[in-house]
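1. what follows is a protein structure lacking sequence information:
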């Protein structure tokens, strides 16, 4: 039977339910509920109980070691073509789309190859194999609380999704299955009438993708805020896409900028015009300001303009074209200094070949609209290798500097910075030959410190980006690092020492770079200990990014394609240069703490040599004076230079109602924003103190919130008899807190290498909320019984299957599951899966033929495989503002124990060796919450 043909009765998905694939389908008997006692979950064979103990070596996280028989490195270091099921994308196109996928996958996710309607019933339907879901949570009636409390009015169904009103409804956490669909629901709406805005436009208030707060109503006094114990903070993401064209904002191009003369807040939709429109009242401090004389004049067409059509009065997010007074010097050009480790390890792993080839094929994607972009190349081993190209020349000349004194000798500055347009042919020839220049090297040294100083000295008068590609530990000259990884320290109180920077050189150098408008991005490739904790200091204080490729080798096509795709998207991303950011609040509100990758020049001014478009920032606020107005505002302003040389100011304004009610405060709380704030606090605590304090900080804040709710609010709606209560809009906060404490960045374990923990902390401190949620609480999908419409195209794109709770109690031994963590995707196939499922999904007759580990899903001509490709593509394109290309792993239920352990370590609702299950965690909270 051909995979694409209609199934006869014996191949219905009753067969996929573990029955023999011969004879008619037999109805599957009901599956009894698993034993449950005292918060313990009895796991099935595929669950945690079946996992072996992790070994003590670095591979214990489950990533398999590098194969020794990998495919040979192809031309330029890229892997040679594999089987017919794999298609290598071409990186040389000048098309600047966000992601370049193989053409076949692009067609699957964007054309009629994906079924536009659900497949007919005669085709395979996993719905026919849908089995009862096992759950460790007790069942509850749809409105069990209403039944329990008699005639008490409980409002809407507490099991429903987050309510769009400020009504407070309590639920019993202990008797509720976590409804994880709320993680992907829109945030609570802001209960602020449009009449408060000047134009009453729907776009007057800021969308949550740019700015969201932990509270959708602001407490009017500091005493109310303290009483609530709720964190009060802003989660800010000024840019939501790598390319401006993917998510454009209105531009005020006449350079007329009106600001409050007292608080300096920019005019916005909530400014109030008075005196017949000649003046306006600031919505922040209340002072009256003059309206600029030419505010109602269109200088481009020399005609009167309609004031109420101005973008800044209709949109909460706008870009102002800055006039001359906002410039202290002419706009700087975009400069990349590529600092490439050419030691033996880098050459042998294929990193140098892959990096230089990707740069070569991405030259057309680098922003260079005005022809001002410049590049430079420095090779690093025990010496520094500089390359100069005269304008119009076709060949580069190499200069080797072995004198690594402080500062290192820098030859002929004017020839080292290469105009990308004028020196294009020479740059192409250099990148083509770059790997072969060092192919025979046996030099294992890495003078990264002197190279960084040379690169900074090269561009210190202009500013720019230093892009480091490093495969070995710096061991020569300034910034020399030692191999300090000690497995005996892992899981102990002394482990925190491994998470702190080893050499003060890197932090002090980063501060110097920030002063000179230089940012540093690190691409780290691990074959051994890399000291991510120390090297990540450079991006942390220069507004850069750290990318870590654990056990990377170009002989694995998946490794090479992942790095090439991410580097190409990184190079194509638009860049905001020499930026500064200030966040302001209404009178009575002060910004107190700032979290993210930047350098804090003063109490409220954050410096960004280059402003990344894929990162997020958290700013905590305090109430200093009583707020008497009905609403208050926050405004973030980012002054920057675009890649094309324009000086702009991005202004993001958010207004919220003010309340004096603790009930309204809790009803307006945003659980995802709170999770983001707790993540930032814990990360800061882990880097400055230790992991134990970080975990305790999460738990203590959660206990405080539950105590306040129990003491002041629980009895109002549902009575005080229930064991552990919270409002419906915070019902997932305990689960998110537990997930955070079980995350690689924080969980207590003696099997997590310090490099992996350090990069996890880097990711936790920079990811936007939508991606952070998936990183902390991964998304699990069941593919063998997904609904008919899942994986097909609807009006809003590919339809995803419903997400499942992260407990192994729901796993079936015959099933096929997908787990998405944003950085990794896992396809798990149970040990009892029938051959037809293996054939449809992977094109093999038995799961025994599947090789576990890094994996490329083959492209097959059948509905299941087509829908799987569509779902994977959808998950990879959910956010336009990330360069991450998730690695795909295949996990077999009877396969590699380490890989299975890694997969099941993401099931945060289950009990682990060092942490409780979710039900046990709730029991612990119940015991600690005081009356």
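-> Received, thanks. These figures come from a predicted structure and were not determined experimentally. Numbering: from 1, shown residues only.
2. now residue 448: how far from residue 455?
-> 10 Å (Cβ to Cβ, to the nearest Å). Placement of C-beta: from N, CA and C, glycine included.
3. overlap in contacts, the two.
-> Common neighbours of residue 448 and residue 455, using Cβ atoms under 8 Å, 6 or more residues apart in numbering, are residue 339.
4. least confident secondary structure element in this structure?
-> strand 36-37 (a mean of 28; mean pLDDT, DSSP states H and E).
5. off-centre distance for the longest strand belonging to the chain?
-> Once the chain is assigned using DSSP state E, the strand that runs over the most residues is strand 647-659. Averaging C-alpha positions (Cα atoms, centre = their mean, to the nearest Å) puts strand 647-659 23 Å from its chain's average.
6. by contact count, what packs against it?
-> Here strand 647-659 is seen to pack against strand 211-213, strand 218-219, strand 317-321, strand 631-641 when contacts are counted using 3 or more Cβ pairs under 8 Å, 6 or more residues apart in numbering; DSSP states H and E.
7. in CSV, list these along with mean neighbour count and mean pLDDT.
-> Output for the helices and strands packed on strand 647-659, formatted as CSV (neighbours: other Cβ atoms under 10 Å; pLDDT from 0 to 100):
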stretch, mean neighbour count, mean pLDDT
strand 211-213, 25, 97
strand 218-219, 26, 97
strand 317-321, 22, 97
strand 631-641, 23, 97
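8. quick one: which of the ones you listed is nearest residue 910?
-> Nearest of the helices and strands packed on strand 647-659 to residue 910, taken as Cβ to Cβ: strand 211-213 at 30.5 Å.
9. who does the closest one pair up with?
-> strand 233-236 (antiparallel) (DSSP bridges).
10. can you give the contact residues for the next helix or strand after the strand it pairs with?
-> Remark: after strand 233-236, the chain's next helix or strand is strand 251-252, criterion DSSP states H and E. Strand 251-252 is contacted by residues 310, 311, 312, 318, 319, 320, 321, 648 when judged by Cβ under 8 Å, 6+ apart.
11. can you do 6 Å?
-> With contacts defined as Cβ atoms under 6 Å, 6 or more residues apart in numbering, strand 251-252 is touched by 311, 312, 318, 319, 320.
12. could you check how far the last one is from residue 639?
-> What that stands for is residue 320. 9 Å.
13. do the fourth one as well
-> Taking Cβ to Cβ as the criterion, residue 319 is separated from residue 639 by 11 Å.
14. with residue 239 instead?
-> 14 Å.
15. just to revisit the earlier point, show the average pLDDT along the longest strand of the chain.
-> For strand 647-659, the mean pLDDT works out to 97.
16. need the residues that contact that strand.
-> Under Cβ under 6 Å, 6+ apart, the answer for strand 647-659 is 191-192, 205-206, 210-211, 217-218, 220, 238, 266, 268, 270, 316-320, 322, 326-327, 331, 627, 630-639, 641-642.
17. ends of stretch 605-619, how far apart?
-> 12 Å (Cα to Cα, to the nearest Å).
18. for the nearest residue to residue 892 once chain neighbours are set aside, what are its contacts?
-> Spatial nearest neighbour of residue 892, chain neighbours left out: residue 852 (5.0 Å); criterion: Cβ to Cβ, 6 or more residues apart in numbering. The neighbours of residue 852, taking Cβ under 6 Å, 6+ apart as the test, are 890, 892, 895, 896, 899.
19. residues contacting the second one?
-> Contacts for residue 892 (Cβ under 6 Å, 6+ apart) come out as 829, 847, 852.
20. before we move on, what about the first one?
-> Under the criterion of Cβ under 6 Å, 6+ apart, the contact partners of residue 890 comprise 827, 852, 855.
21. look up phi and psi at the last one.
-> This means residue 855. With angles defined as degrees, to the nearest 10, residue 855 sits at phi -150, psi 150.
22. equivalent analysis for the second one, please.
-> In terms of degrees, to the nearest 10, the main-chain angles of residue 852 are phi -70, psi 160.
23. roughly how far does it sit from residue 212?
-> Residue 852 is 40 Å from residue 212, by Cβ to Cβ.
24. residue ranges with poor pLDDT in the chain?
-> Scanning the chain with the threshold set as pLDDT under 70 gives 1-166, 407-408, 412-414, 715-722, 931.
25. quick one, domains of it?
-> 166-187+670-777+912-930, 211-328+577-669, 335-574, 778-907 (the TED database).
26. one step back: okay if I get the contacts of residue 890 as JSON lines plus distance to residue 672?
-> Rendered in JSON lines, the data for the contacts of residue 890 read as follows (distance: Cβ to Cβ, whole Å):
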{"residue": "827", "distance to residue 672": "27"}
{"residue": "852", "distance to residue 672": "34"}
{"residue": "855", "distance to residue 672": "31"}
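27. residue 386: which of those residues is nearest?
-> Closest to residue 386, out of all of the contacts of residue 890 and judged by Cβ to Cβ, is residue 855, at 41.2 Å.
28. OK, contacts around that closest one?
-> With Cβ under 6 Å, 6+ apart, residue 855 has these contacts: 888, 889, 890.
29. the same query, at a cut-off of 8 Å, please.
-> 558, 827, 888, 889, 890.
30. show me which pair in those is furthest apart.
-> 558 and 827 (13.0 Å).
31. common neighbours of those two, please.
-> Between them, residue 558 and residue 827 share the contacting residues 855, 888, judged by Cβ under 8 Å, 6+ apart.
32. higher neighbour count, the two?
-> residue 827 (23 against 18; other Cβ atoms under 10 Å).
33. grab the nearest non-local neighbour of that one.
-> That would be residue 890: by Cβ to Cβ, 6+ apart, it lies 5.2 Å from residue 827.
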